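Asks: dropping a prediction and its sequence here:
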Amino acid sequence: MKGVAIAGIGMTQFGKQVGRGVRSLALAAIEEAIADSGLALDRIDRIYFGNAISGIVSQQEMIRGQVALRHQALGKVPLFNIENACASGGSAFSLACEAVASGAVEVALVVGAEQMNHVDRSRPFNALRGSTDIEEIGESEPGQISANSLLMDFYAAVAQSYLDGSGAELSDFARVAVKNRKNATMNPLAHLRTPQSLEDVLASRMIVAPLSLPMCSPVTDGAAAIIVCSDRVAASLDHPVVQVKASAVASGASGHPVGDAAAKAYLESSAGAQDFDVIELHDAAAPAELMQYHEIGLCAKGDGFKLIRDGVTDLGGATPVNTSGGLLSRGHPLGATGCAQIVELVHQLRGTAGARQVEGARMALAINGGGWLDGSYALAIATVLARA
């Protein structure tokens, strides 16, 4: 991908914010991204608004982005609503990059926002049923109250298969949770920031065996925004330029969407797994991170647990992964997650990540997964960024 850069980023506090709403979250992230870019509002040609479950949680369907921005000057800008499960934000970003690369627009605003928590605690869990094939699992019964995410049932089955087919142990999943929580303690916007030990994770309440509570991403509210621009506009910015080298999407129909998306992105960017200084992976459950290590080419299949044991993916290791805290600790507000990953990597490439900064970071990778079909994500998006 040529001629595409990131002009500005913004992100809200992630956490439990019952009643705040998508509008408030989105506007806060947008305001920060615009201020960060230094660009005037009238420079924005198009908006891509990522959201996954407002239709069920808040009953706001169809025109989610238009409603969020209706009282603002940006309400007059052409807007596309993007719903693509947990990859809604990543999909919005990918489409914005394509629009800029094509020359259709010079500046595009990407927003990912999600209000998951609700006074009716079953709403987000019932909404998550729609991330897989309803004809296969069946509609929820009237009055049915879900106590946890159906996706964790899928992750648990994959996790057990991974334990059975490799040399990994349950403690390796716990190591992922501990590592990412440690990183989150240095991220003031993360949802969960209380340090935890290996023993804490292993002794925690079981959600779906073998996954304990800290091995599962929390129900999180939050928003992140990104301003994507042409190289011509980027040349006028007064902060380090981060270029978008690739944004590749793969379908889950192949059974290997993460690997397929990564392969496409590597080809487009002329990069490989060993070239990245920092990586954000879609760790909606702890075992997903270990499995994605081999899917993106960091190790052989089944050897992901060796990387976490050896500290390769720790902050300070050879290839730090999920310096933001990941979905496990930064949080996973579905529609915002893909954008939040990009925000973290831009901070790393600019050198503005504070205590969690990876020194000398020049190239980064993000993997954003969405939905669940046939044992894997329904889609995956791989994004490669580089400091100019």
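Replies: Arrived safely. What you see is a predicted model, and the numbers here were worked out from it, not measured in a lab.

Asks: let me know the next secondary structure element after the lowest-mean-pLDDT helix or strand in the chain.
Replies: Every helix and strand of the chain was ranked by mean pLDDT, DSSP states H and E. The lowest is helix 134-137, at a mean of 86. Downstream of helix 134-137, the next assigned helix or strand under DSSP states H and E is helix 150-165.

Asks: buried set for stretch 110-119?
Replies: Val110, Val111, Gly112, Ala113, Glu114, Gln115, Met116, Asn117, His118 (16 or more other Cβ atoms under 10 Å). Where you see a C-beta, it was placed from the backbone N, CA and C, and this is true even at glycine.

Asks: what's the spacing between the first one and Leu79?
Replies: It refers to Val110. Plainly put, Val110 is 11 Å away from Leu79 if you go by Cβ to Cβ, to the nearest Å.

Asks: how about the last one?
Replies: His118 sits 25 Å away from Leu79 when distances are taken as Cβ to Cβ.

Asks: now do Cys216
Replies: 33 Å.

Asks: so which of the two has more stuff around it?
Replies: Cys216 (25 against 20; other Cβ atoms under 10 Å).

Asks: that one reaches Ser149, doesn't it?
Replies: Yes. In terms of Cβ atoms under 8 Å, Cys216 counts as a neighbour of Ser149; the distance is 7.5 Å.

Asks: count the neighbours of Glu106 for me.
Replies: Other residues close to Glu106 by other Cβ under 10 Å number 17.

Asks: wait, what's in contact with it?
Replies: Glu106 makes contact with Arg43, Asp45, Val100, Cys229, Ser230, Arg232, Val233, according to Cβ atoms under 8 Å, 6 or more residues apart in numbering.

Asks: nearest residue to the first one in space, please, no chain neighbours.
Replies: The one in question is Arg43. Val107 (4.8 Å; Cβ to Cβ, 6 or more residues apart in numbering).

Asks: now swap in the fifth one and tell me
Replies: The spatially closest residue to Ser230, leaving aside those adjacent along the chain, is Glu106, at 4.8 Å (Cβ to Cβ, 6+ apart).

Asks: kindly report the same for the third one.
Replies: Closest residue to Val100 in three dimensions, ignoring its sequence neighbours and counting by Cβ to Cβ, 6+ apart: Val4, at 4.9 Å.

Asks: what's the burial count for the one you found?
Replies: For Val4, the count of nearby residues is 23 (other Cβ under 10 Å).

Asks: beta partners of it?
Replies: With DSSP bridges as the criterion, Val4 is bridged to Ser230.

Asks: test my guess that it contacts Val228.
Replies: Yes. With contacts counted by Cβ under 8 Å, Val4 reaches Val228, the gap being 6.3 Å.

Asks: anything in contact with each of these two?
Replies: Here Val4 and Val228 share the contacting residues Cys97, Val100, Val244, scored by Cβ under 8 Å, 6+ apart.

Asks: so the second one, which state does it fall into?
Replies: Using DSSP: H, G, I helix; E, B strand; the rest coil, the three-state assignment for Val100 comes out as helix.

Asks: and this protein, what are its domains?
Replies: Using automatic domain parsing, the domains assigned to the chain come out as 4-120+221-241, 148-216+246-387.

Asks: now do the helices in the stretch 51-200 of the chain.
Replies: Counting by DSSP state H, counting those that start in this stretch, the stretch 51-200 of the chain has helices at residues 54-57, 64-69, 88-102, 122-128, 134-137, 150-165, 170-184, 198-203.

Asks: and the residue nearest to Arg43, how far from Ala40?
Replies: 10 Å.

Asks: comparing the two, which residue is more hemmed in?
Replies: Val107 (22 against 9).

Asks: so that one touches Arg232, yeah?
Replies: No. When contacts are counted by Cβ under 8 Å, Val107 is not listed as touching Arg232 (10.2 Å).

Asks: tally of neighbours for Gly199?
Replies: For the record, residue 199 is Glu, not Gly. Neighbours of Glu199 (other Cβ under 10 Å): 11.

Asks: typo on my end, it should be Val321
Replies: 29.

Asks: need the contact list for it.
Replies: Val278, Ile279, Glu280, Leu281, Glu289, Tyr293, Thr313.

Asks: rewinding a little: of the buried residues of stretch 110-119, which belong to strands?
Replies: Val110, Val111, Gly112, Ala113, Glu114 (DSSP state E).

Asks: closest to Ile134 out of these?
Replies: Nearest to Ile134 out of those is Glu114 (Cβ to Cβ; 20.4 Å).

Asks: my read is that the closest one contacts Val22, right?
Replies: Yes. Assessed by Cβ under 8 Å, Glu114 is found in contact with Val22 at 7.1 Å.

Asks: common neighbours of those two, please.
Replies: What both Glu114 and Val22 touch, as defined by Cβ under 8 Å, 6+ apart, is the set Asn51, Ser54, Ala223.

Asks: would you check that Val105 makes contact with Asp45?
Replies: Yes. Between Val105 and Asp45 there is a contact under Cβ under 8 Å: 3.8 Å.

Asks: quick one on the thing from earlier: narrow the contacts of Val321 to those in strands?
Replies: Among the contacts of Val321, the ones falling in strands (DSSP E) are Val278, Ile279, Glu280.

Asks: how about those in JSON lines, adding distance to Phe154 and pLDDT?
Replies: Putting the ones in strands among the contacts of Val321 into JSON lines (distance: Cβ to Cβ, whole Å; pLDDT from 0 to 100) gives the following:
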{"residue": "Val278", "distance to Phe154": "28", "pLDDT": "98"}
{"residue": "Ile279", "distance to Phe154": "23", "pLDDT": "99"}
{"residue": "Glu280", "distance to Phe154": "21", "pLDDT": "99"}
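
Asks: mind checking which of those are buried?
Replies: Buried, going by 16+ other Cβ under 10 Å: Val278, Ile279, Glu280, out of those.
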